[in-house]
Every structure is written in C-alpha cells, then in structure tokens.
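Undergrad: need a 3D model of the following:
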Amino acid sequence: MGANQTWVTDFILVGLQLSAGIEMFLFWIFSLLYIFSLLANGIILVVICLDPKLHTPMYFFLSHLAILDISYASNNVPKMLSNLINQKRTISFAPCITQTFLYLAFAASECLILAAMSYDRFVAICHPLHYTVIMSWKVCVALAVTSWSCGFSLSVAHTILLLRLPFCGPQEINHLFCEILAVLKLACADTLINQIVILAACVFVLVGPLCSMLVSYTHILWTILKMQSKEGRRKAFSTCSSHLCVVGLFFGIAMLVYMVPDSDQREEQEKILSLFHSLFNPMLNPLIYSLRNTQVKEAFHRALQKKRSV
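TA: Down below sits the predicted model:
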C-alpha cells in the first residue's frame with residue numbers, strides 16, 4: 001500500500017438507486033414481506049414443536065430450514081430496509097464483515113440441510129421398510145450438526161481470507177448488503193485466492209449436494225412410477241414436489257450468482273437475485289410446505305382447535 005492510502009473504516013451500500021418515493025413504497029412492501037416471512041416460519045416451527053405427529057425426521061429438517069430462513073432474512077433485510085429510508089447508507093467495517101460471515105454461514109448450512117431432506121425422502125420412498133433404522137434420530141441429529149458445522153466452518157475460512165485483505169478505497173459496495181463478491185471488488189490487493197476458495201466452496205455446497213439430490217430424485221421417480229397404488233403415488237409426489245420447488249428456487253439463484261462469470265451488466269441483476277434470496281425465498285418456503293403438505297395443514301388446524309377449546 002502506498003503512503004497516500006488509508007484504511008477504510010466504513011463502507012457505503014449503494015442499494016437499488018431509485019427515487020425517494022419508490023424507495024419509500026418498497027420499504028413498506030418489503031417490511032410487510034419480511035414480517036410475513038418471520039411469522040410464517042415461526043408458525044411452522046411452533047406447529048412442528050407442539051404436534052407429536054410431526055416429530056419425524058422430515059419435519060425435524062423442516063424446522064431447521066425454518067430457523068435458517070429466519071436467520072438468513074434477519075441478517076440481511078433489516079439493514080436493507082433502513083437504507084431505503086436513510087440517505088446515509090454507511091456500514092462500519094466490523095458489522096459489514098459480520099454480515100458477510102453470517103450470510104455465508106446460513107446460506108451454506110441451508111444448502112446442506114436441503115440435501116439432507118432429499119436423502120430423507122429417498123430413504124422414505126425407496127427403502128420404506130428400513131426407514132426407521134436408517135433415519136434414526138442419531139443419524140438425523142448427526143446430519144443437522146454436520147450441515148451447520150460445515151456451513152459455519154466454510155464461512156470462517158472465507159472471513160479469514162477476507163480479513164487479510166487491505167481496503168483502502170473506494171468505499172461504495174454496489175449491493176444491497178455486504179455480499180462477499182461485492183466486498184471483494186473494493187479490496188486493493190489480489191483476490192485470486194479468495195475467488196478460488198469461493199469457487200471450491202460452491203462446488204462443495206452447491207454442485208455436490210445438487211448432484212446427490214438429482215441421483216436421489218432419479219431413484220425416487222423410478223420408485224414412484226413402479227407403485228401400484230394411485231394414492232401412494234399421489235402422496236409421494238406431494239411431499240417430493242414441495243422439496244423440489246424449494247431446491248429449484250434456492251440452488252438456481254445461488255448458482256446464477258456465484259457460478260456464472262461476472263460482468264458489469266450483471267451487477268444490477270445480482271442485486272435482484274440476492275433480494276429474492278434474502279426476502280422472497282424465506283417467505284415462500286413455509287408457504288410451499290404448508291400449502292402443499294396435508295400433514296402441516298392438519299397439524300395447524302389441530303393447534304387452532306386446541307387453542308379455541310382452552
């Protein structure tokens with residue numbers, strides 16, 4: 001670093017760069033969506049905890065997905081909302097790096113939890129007689145702990161590599177929050193190692209789990225097609241289609257952001273994709289599972305009936 005360079009202590013989040021009226025309108029819309037997301041995922045968690053019929057591996061993983069969605073949205077959305085109504089869109093270095101760390105940790109953990117959910121569906125449909133043995137609570141807890149541990153371990157590695165870099169200007173992060181690729185563009189040093197590690201992590205938490213899910217669902221589809229019972233096929237398709245919808249949304253957007261070559265024209269598109277990931281995806285997940293899952297709807301109705309009878 002040259003003598004005339006100074007260490008950056010604050011960043012400026014550029015955001016969407018819209019008129020004040022439109023940003024105020026978006027603030028109220030996004031606030032409602034965020035509140036709805038917290039409530040929907042919270043209800044899913046409460047229903048799963050209170051209803052003994054949902055104390056199964058499938059809903060165990062779904063509860064972890066709900067926790068991750070609440071955490072993921074709460075890490076990114078509040079700062080984004082405050083920036084929509086505040087012209088001074090600064091964020092200090094430490095909170096920015098913390099936001100990046102948590103963003104990566106929750107995203108990677110969610111990828112692995114979704115992979116664990118697909119394995120659960122594979123065992124349930126393709127090996128139903130051995131389901132309780134294979135998917136014991138010990139195995140479920142081990143899969144959940146591994147998912148969270150791997151997610152946070154990868155995030156620690158990214159953060160350590162990020163902290164070694166000097167940031168001496170410019171200060172403007174062309175994003176809605178401290179997303180790692182946007183932050184790396186401000187480093188006044190070579191970021192090749194960071195980019196290689198990010199690509200390797202994407203292969204581990206995106207490509208690897210996605211390939212395993214494709215293999216699982218190929219076996220699942222083949223098993224479903226061989227079922228004699230129409231009701232059995234319907235139930236199997238119902239539970240699997242919910243998970244496939246969530247996987248398609250989450251992995252599709254993540255791969256577009258992190259595995260497609262970057263360009264100046266893609267920066268605004270990446271903002272919209274990240275907005276969808278942070279705000280809409282956590283809101284859609286409980287809707288997809290509750291609207292398409294009869295057991296969740298029945299458990300919710302039972303919970304309401306118990307409350308009315310008290």
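
Undergrad: how about the helices in the stretch 51-200 of the chain?
TA: 57-85, 93-126, 131-134, 137-163, 180-184, 192-202 (DSSP state H, counting those that start in this stretch).

Undergrad: which one of these lies closest to residue 268?
TA: Nearest to residue 268, of all the helices of the stretch 51-200 of the chain, is helix 180-184, at 11.9 Å by Cβ to Cβ. Where you see a C-beta, it was placed from the backbone N, CA and C, and this is true even at glycine.

Undergrad: out of the helices of the stretch 51-200 of the chain, nearest to residue 226?
TA: helix 93-126 (10.3 Å).

Undergrad: residue 92 reaches residue 9, doesn't it?
TA: Yes. Using Cβ atoms under 8 Å, residue 92 is in contact with residue 9, at 6.7 Å.

Undergrad: hang on, the earlier thing: how about the helices of the stretch 51-200 of the chain, which one is nearest residue 211?
TA: helix 93-126 (9.7 Å).

Undergrad: ok, the residue most central in space within the chain - contacts?
TA: In the chain, the C-alpha nearest the mean C-alpha coordinate belongs to residue 107, at 4.4 Å (Cα atoms, centre = their mean). By Cβ atoms under 8 Å, 6 or more residues apart in numbering, the contact set of residue 107 is 72, 151, 205, 254, 277.

Undergrad: again, only this time at 7 Å
TA: Residues near residue 107 by Cβ atoms under 7 Å, 6 or more residues apart in numbering: residue 72.

Undergrad: quick check: it vs residue 57, distance?
TA: Distance, residue 107 to residue 57, by Cβ to Cβ, to the nearest Å: 23 Å.

Undergrad: try residue 126
TA: Distance of residue 126 to residue 57, computed by Cβ to Cβ: 15 Å.

Undergrad: have a look at the two and say which one is more surrounded.
TA: Taking other Cβ atoms under 10 Å, residue 126 and residue 57 do not tie; residue 57 has more neighbours (25 against 15).

Undergrad: quick one: the more buried one and residue 141 touch, right?
TA: No. With contacts defined as Cβ atoms under 7 Å, residue 57 does not count as touching residue 141, sitting 10.0 Å away.

Undergrad: give me the below-cutoff pLDDT ranges for the stretch 201-310 of the chain.
TA: Scanning the stretch 201-310 of the chain for pLDDT under 70 picks out the ranges 232, 238-239, 260-267, 290-295, 297-298, 300-301, 303-310.

Undergrad: all helices of it, in order?
TA: Secondary structure of the stretch 201-310 of the chain, counting by DSSP H, counting those that start in this stretch: helices at 208-225, 230-258, 266-275, 281-292, 294-309.

Undergrad: burial of the nearest residue to residue 9 once chain neighbours are set aside, as a residue count?
TA: Nearest non-adjacent residue to residue 9, counting by Cβ to Cβ, 6 or more residues apart in numbering: residue 93, 5.4 Å away. The number of residues packed near residue 93 is 15, by other Cβ under 10 Å.

Undergrad: separation between residue 93 and residue 183?
TA: For residue 93, the distance to residue 183 - Cβ to Cβ - is 10 Å.

Undergrad: is it correct that residue 11 falls within a strand?
TA: Yes. Judged by DSSP: H, G, I helix; E, B strand; the rest coil, residue 11 forms part of a strand.

Undergrad: that one: what's it in contact with?
TA: 90, 91, 96, 171, 173.

Undergrad: who are the contact partners of residue 75?
TA: By Cβ under 7 Å, 6+ apart, the residues touching residue 75 are 99, 102, 103, 106.

Undergrad: quick one: contacts for the residue lying closest to residue 201 once chain neighbours are set aside?
TA: Residue nearest to residue 201 in three dimensions, not counting chain neighbours: residue 154, with 5.2 Å by Cβ to Cβ, 6+ apart. Residue 154 makes contact with 104, 108, 201, 205, according to Cβ under 7 Å, 6+ apart.

Undergrad: out of these, who's nearest residue 47?
TA: Within the contacts of residue 154, proximity to residue 47 (Cβ to Cβ) peaks at residue 108, which comes in at 26.8 Å.

Undergrad: so the closest one sits against residue 205, correct?
TA: Yes. Here residue 108 lies in contact with residue 205, judged by Cβ under 7 Å, at a distance of 4.6 Å.

Undergrad: list the buried residues in stretch 72-91.
TA: Residues of stretch 72-91 classed as buried: 72-77, 79-81, 83-84, 89, 91 (neighbour count, 16 or more other Cβ atoms under 10 Å).

Undergrad: enumerate every residue touching residue 62.
TA: Taking Cβ under 7 Å, 6+ apart, we find residue 62 in contact with 44, 48, 289.
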